[in-house]
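Q: show me how the following folds:
(one chain, ligands or ions: 1)
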Amino acid sequence: TPAIAAIAYHDGEFVPLERAQVPVTTQALQYGTGVFEGIRAYAQHDGGLAVFRGHDHYLRLLRSARTLRIEVGHDAAQLTGLTAELLRRTGSTGDVYIRPLAYKRALLPGTPPGVQLQGVSDALSINAFRMGSYTDRGGISCAISSWRRPQSDTLPVRAKVTGGYVNNALAVDEARAGGHQDAILLNSRGQVAEASTSNVFAVIGGRLVTPPVTADLLEGITRDTVITLAADLLDTRTDQRDLGREDLLQADEVFLTGTGSEIVPVIGIAGRTIGSGSPGPLTTALMTAYHDVVRGRHSRYHHWLQAVGSA
Ligand code: PMP
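A: Okay, the predicted model is just below:
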């Protein structure tokens with residue numbers, strides 16, 4: 001896996017990554033008032049590199065930004081264009097992870113110091129780094145976190161807000177301290193919300209089930225991809241309904257979905273074995289379908305892939 005050039009798009013220009021810095025007075029650093037995305041680009045089976053569902057990620061970034069009154073200054077098409085340009089300049093040919101960040105920067109002249117969203121300037125930065133699949137295809141064990149996912153009238157959990165990830169970090173920390181790889185968080189009603197950086201699916205009585213967006217979770221793009229692929233390719237509908245802790249413990253299969261983690265089988269939860277203790281048949285079929293789709297092996301989903309092109 002070849003290294004890529006350390007270049008970022010920062011404050012309107014492409015600069016060496018070491019120059020993509022922020023001052024300590026940055027509002028987002030102090031108050032967590034930033035929004036971000038995680039996007040992957042994949043080496044295609046027939047050569048070249050393509051960004052997977054970049055447009056959808058940028059639409060979500062723009063929705064997140066509206067919640068925090070951040071002016072990104074570009075529409076989704078411009079942002080996907082900037083991303084392709086960044087990948088060309090970094091010389092990326094293999095799998096890459098892209099991290100766009102839009103954030104509250106500095107108080108405008110005349111704005112008194114304080115926690116506020118108006119009277120503060122905005123900034124945009126995008127960087128990328130080499131990242132292949134890191135999924136443990138054999139499956140992971142998850143804790144059920146004692147940290148609850150905040151209710152969306154406490155924190156906008158459907159927006160990908162930097163400050164909100166304190167909750168996720170605490171949950172991962174607790175899970176790791178207990179010998180697990182990840183955490184599943186319940187919402188304030190005690191129903192399953194999501195994992196630390198992924199959505200949760202279960203196979204129960206031959207049906208695929210995932211919590212609805214109203215369960216206080218991020219509406220994952222991988223979640224949508226999996227729902228689509230299950231219906232189109234595996235003739236399996238997904239029920240979006242509340243899942244309790246017990247539903248997960250008794251499920252035949254459980255897996256997580258996210259851009260970074262892709263599809264990860266969960267073979268243990270809170271010390272119990274899930275299903276047979278190894279990745280189940282529907283999980284395995286979805287993993288295969290997903291990897292084929294992101295590498296461009298299914299022409300039906302080429303509209304999800306944006307070719308980066310060469311410099
Ligand atoms: N939930 C949370 C809290 C996340 O951080 C992520 C990763 N963005 C996801 C779910 C999965 O979202 P996606 O499939 O769009 O990456």
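Q: close to the ligand: what parts of the chain are there?
A: Proximity of the chain to the ligand, by CB under 6 Å from any ligand atom, involves residues 38, 168, 194, 197-199, 218, 220-223, 257-259. C-beta here means a position set from N, CA and C on the backbone, and glycine is covered the same way.
Q: may I ask which two of those residues are separated the most?
A: The largest separation in the residues of the chain next to the ligand, counting by CB to CB, is between Asn168 and Ile221 at 17.2 Å.
Q: which of these two has more neighbours?
A: Ile221 (23 against 19; other CB atoms under 10 Å).
Q: and the more buried one, what's its pLDDT?
A: Ile221 is assigned a predicted lDDT (pLDDT) of 98.
Q: wait, it sits on Tyr58?
A: No. In this structure, Ile221 is not within contact of Tyr58 by CB atoms under 8 Å, at 10.6 Å.
Q: just the helices from this structure, written as ranges.
A: Assigned by DSSP state H, the helices in the chain fall at 27-31, 54-67, 76-90, 165-177, 221-234, 245-250, 281-294.
Q: grab the nearest non-local neighbour of Ile39.
A: The shortest distance from Ile39 to any non-neighbouring residue, by CB to CB, 6 or more residues apart in numbering, is to Ile98 (4.2 Å).
Q: contacting residues for the residue of the chain positioned farthest from its centre?
A: Going by CA atoms, centre = their mean, the residue of the chain most distant from its centre is Gly110, 37.0 Å out. Applying CB atoms under 8 Å, 6 or more residues apart in numbering to Gly110 gives the contacts Gly119.
Q: the ligand versus Leu117, what's the distance?
A: 22 Å (CB to the nearest ligand atom, to the nearest Å).
Q: flag the shaky bits of the chain, pLDDT-wise.
A: 1, 311 (pLDDT under 70).
Q: who touches the closest residue to Leu155 other than its chain neighbours in this structure?
A: Of all residues not flanking Leu155 in the chain, Gly164 sits nearest, at 5.3 Å (CB to CB, 6+ apart). Taking CB under 8 Å, 6+ apart, we find Gly164 in contact with Gly32, Pro150, Leu155, Pro156, Val157.
Q: cool, His10 as well?
A: Arg19, Ala20, Ser125, Ile126, Asn127.
Q: try Asn199
A: Thr210, Pro211, Leu217, Leu218, Gly220, Thr222, Arg223, Leu256, Thr257, Gly258.
Q: out of those, who's nearest Glu246?
A: Pro211 (14.0 Å).
Q: counting neighbours, what do you get for the closest one?
A: 23.
Q: for Asn127, same thing?
A: As a burial measure, Asn127 scores 18 neighbours (other CB under 10 Å).
Q: from the ligand, how far off is it?
A: Distance from Asn127 to the ligand, by CB to the nearest ligand atom: 16 Å.
Q: same question, Gly110
A: Relative to the ligand, and taking CB to the nearest ligand atom, Gly110 is found at 36 Å.
Q: so Ala183 sits right up against Ala177, yeah?
A: No. The criterion here is CB under 8 Å, and Ala183 misses it with Ala177 at 10.5 Å.
Q: for the two, indicate the residue with more neighbours.
A: Ala183 (24 against 9).
Q: that one bridge partners, please.
A: Judged by DSSP bridges, the bridge partners of Ala183 are Ala143.
Q: domain assignment for the chain?
A: Taking automatic domain parsing as the reference, the chain has its domains at 7-130, 140-294.
Q: for beta bridges, what are the partners of Ile126?
A: Tyr9, Pro100.
Q: now do the same contact list for it.
A: So Ile126 contacts Ala8, Tyr9, His10, Leu79, Leu82, Thr83, Leu86, Ile98, Arg99, Pro100, Leu101 (CB under 8 Å, 6+ apart).
Q: sorry, back to before: distance of the residue nearest to Leu155 from Ser64?
A: Going from Gly164 to Ser64 by CB to CB, to the nearest Å gives 10 Å.
Q: give me the common contacts of those two.
A: Common neighbours of Gly164 and Ser64 (CB under 8 Å, 6+ apart) are Pro156.
Q: circling back: of the helices of the chain, which approaches Ile269 most closely?
A: Among those, helix 245-250 sits nearest to Ile269 (CB to CB), with 5.6 Å.
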